[in-house]
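**Student:** Sequence first, then the predicted structure, then my questions.
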There are 2 protein chains.
Amino acid sequence: MDAHQQAVFDVLVAIRALNDAMDRMNGGMKGEMDMNVTDLAALRMLIIREQRGESVSPHHVAEHLKISTASTTKLLDRLERDGYLERQPHPSDRRSRVVALTDLSRQRFFQHFARRLQLLRGVTEPYSEEDLRLIEGYLDRLSEAIEQD
Amino acid sequence: MDAHQQAVFDVLVAIRALNDAMDRMNGGMKGEMDMNVTDLAALRMLIIREQRGESVSPHHVAEHLKISTASTTKLLDRLERDGYLERQPHPSDRRSRVVALTDLSRQRFFQHFARRLQLLRGVTEPYSEEDLRLIEGYLDRLSEAIEQD
DNA sequence: ACTATTTCGCTAGTTTAGCTAGTAATAGCC
DNA sequence: GGCTATTACTAGCTAAACTAGCGAAATAGT
């Protein structure tokens, strides 16, 4: 194995370790926010979609989390009951709904995410702008590759 | 916000998106391997610890996944019943156990991880060795920062 | 050295959250 | 207009988490 191949391999190992570390982070947030992992993953998904300006239906949530639409109904019931989201009518398809985050939701998420964000920021800030652009590009490509799967 | 701060921010957003994408990847593997997310996360953790040459007790698993030791007993029961692992006596502490992966476990994990690994490899290979070292360093620091939390 | 406390993995019983099956309402295609 | 697909939902079942508590072993205190 040449040096380049070795470097590729090392990065892939690092990705798996990161995946594992993120599991752990998600576990920690679940404990603090008194939520189960799936509900938290749904919240995370909604935050991200919102940032991208995309609207999300219950169907999308089910697809993303790879759970049934029935389970998704219950998941949304829980989150709605606890004030994390609202179901709004879809503008053009009357069968469908738009799942909208509440302020409480954003607040609680970022409140608990904040400390972790600080840790990540601490790791990130020392890098030069140029390096950060490279890293961001790589992470984006990674997400894209995983998403399209 | 100056250009550097903006770059830091963009990377942090990319990390959140990656976390979300990894959720999705884990969901996909869960479906294929006919396992629940927690059992799969445990398997992933065991694979990583093994690669690092660390031994893992049931207690470590509980701590990592942030579930109770009682739930962990059942989790290990399932994985042991299905031939993914063995409980071995701890060499020095007779209360404790060492959780050891079986070959089947490693095979099944990598078999299903392989296709995804190819995607990740496709994204990774175009980068120069130098860039890869930078990326690996960053990812390692990220994992470390999250783990120590 | 002996007792008290803590740690470890486990069992028992309860609660929670996933699943499948099936429904009503709506959309979209001949 | 009539068929088929899709969307979100309900009902009932199963799986996987939780809490409480136990016995065995390790460790700390005096």
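**Tutor:** On my side now, so go ahead. Residues are numbered from 1 along each chain as shown, chains lettered A, B, ... in the order given.
**Student:** Which helix runs longest in chain A?
**Tutor:** Longest helix in chain A, counting residues (DSSP state H): helix A:3-33.
**Student:** Whether the helix or strand following that one contacts DNA strand D - can you check?
**Tutor:** Once the chain leaves helix A:3-33, the next helix or strand it forms, by DSSP states H and E, is helix A:37-51. No: using CB under 7 Å from any atom of the strand, helix A:37-51 never reaches DNA strand D; the gap is at least 8.3 Å. To be clear about C-beta, it is placed using only N, CA and C from the backbone, and glycine gets the same treatment.
**Student:** Could you list every helix and strand in contact with helix A:37-51?
**Tutor:** Helix A:37-51 is packed against helix A:3-33, helix A:58-65, helix A:69-81, strand A:97-101, helix A:103-124, helix B:3-33, helix B:37-51, with contacts defined by 3 or more CB pairs under 8 Å, 6 or more residues apart in numbering or on different chains; DSSP states H and E.
**Student:** For those, give me TSV that also has mean pLDDT.
**Tutor:** Listed next are the helices and strands packed on helix A:37-51 as TSV, based on pLDDT from 0 to 100:
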stretch	mean pLDDT
helix A:3-33	91
helix A:58-65	94
helix A:69-81	95
strand A:97-101	96
helix A:103-124	92
helix B:3-33	91
helix B:37-51	93
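**Student:** Looking at those, which is nearest to DNA strand C?
**Tutor:** helix A:69-81 (3.2 Å; CB to the nearest atom of the strand).
**Student:** Quickly check: the following helix or strand past that closest one near DNA strand D or not.
**Tutor:** Counting by DSSP H and E, the next helix or strand C-terminal to helix A:69-81 is strand A:85-89. Yes: for strand A:85-89, a contact with DNA strand D is found by CB under 7 Å from any atom of the strand, at A:Arg87.
**Student:** Starting from strand A:85-89, tell me which strands it pairs with and how they run.
**Tutor:** The strands that strand A:85-89 pairs with in its sheet are strand A:97-101 (antiparallel) (by DSSP bridges).
**Student:** touching DNA strand C at all, the strand it pairs with?
**Tutor:** No: using CB under 7 Å from any atom of the strand, we find that strand A:97-101 stays clear of DNA strand C, coming within 11.5 Å at best.
**Student:** Off-centre distance for that strand?
**Tutor:** Averaging C-alpha positions (CA atoms, centre = their mean, to the nearest Å) puts strand A:97-101 16 Å from its chain's average.
**Student:** what sits up against that strand?
**Tutor:** For strand A:97-101, the external contacting residues (CB atoms under 8 Å, 6 or more residues apart in numbering or on different chains) are A:43, A:46-47, A:50, A:55-58, A:61, A:76, A:84-91.
**Student:** could you flag which of those residues are buried?
**Tutor:** A:Leu43, A:Leu46, A:Ile47, A:Glu50, A:Val56, A:Ser57, A:Pro58, A:Val61, A:Leu76, A:Tyr84, A:Leu85 (16 or more other CB atoms under 10 Å in any protein chain shown).
**Student:** Which single one of those residues is nearest to A:Thr124?
**Tutor:** A:Ile47 (19.1 Å; CB to CB).
**Student:** picking up where we left off before, could you give the angle of the longest helix of chain A to helix B:103-124?
**Tutor:** Interaxial angle, helix A:3-33 versus helix B:103-124 (axes from the mean of the first three to the mean of the last three CA atoms, to 10 degrees): 110 degrees.
**Student:** Near DNA strand D, which residues of chain A? Just list them.
**Tutor:** Counting by CB under 7 Å from any atom of the strand, chain A sits next to DNA strand D at A:57-59, A:62, A:69-70, A:72-74, A:76-77, A:87, A:90, A:93, A:95-97.
**Student:** how about stretch A:137-149: buried residues?
**Tutor:** Using 16+ other CB under 10 Å as the test for burial, stretch A:137-149 gives A:Gly137, A:Tyr138, A:Leu139, A:Asp140, A:Arg141, A:Leu142, A:Ser143, A:Ala145, A:Ile146.
**Student:** Surely the last one and B:Gln118 touch.
**Tutor:** Yep, that's A:Ile146 we're talking about. No: using CB atoms under 8 Å, A:Ile146 makes no contact with B:Gln118, being 11.8 Å away.
**Student:** Please list all residues in contact with the residue nearest to A:His64 when sequence neighbours are not counted.
**Tutor:** Leaving aside its sequence neighbours, A:His64 sits nearest to A:Met45 (CB to CB, 6 or more residues apart in numbering or on different chains; 5.3 Å). By CB under 8 Å, 6+ apart, the contact set of A:Met45 is A:Val56, A:Val61, A:His64, A:Leu65, B:Asp20, B:Asp23.
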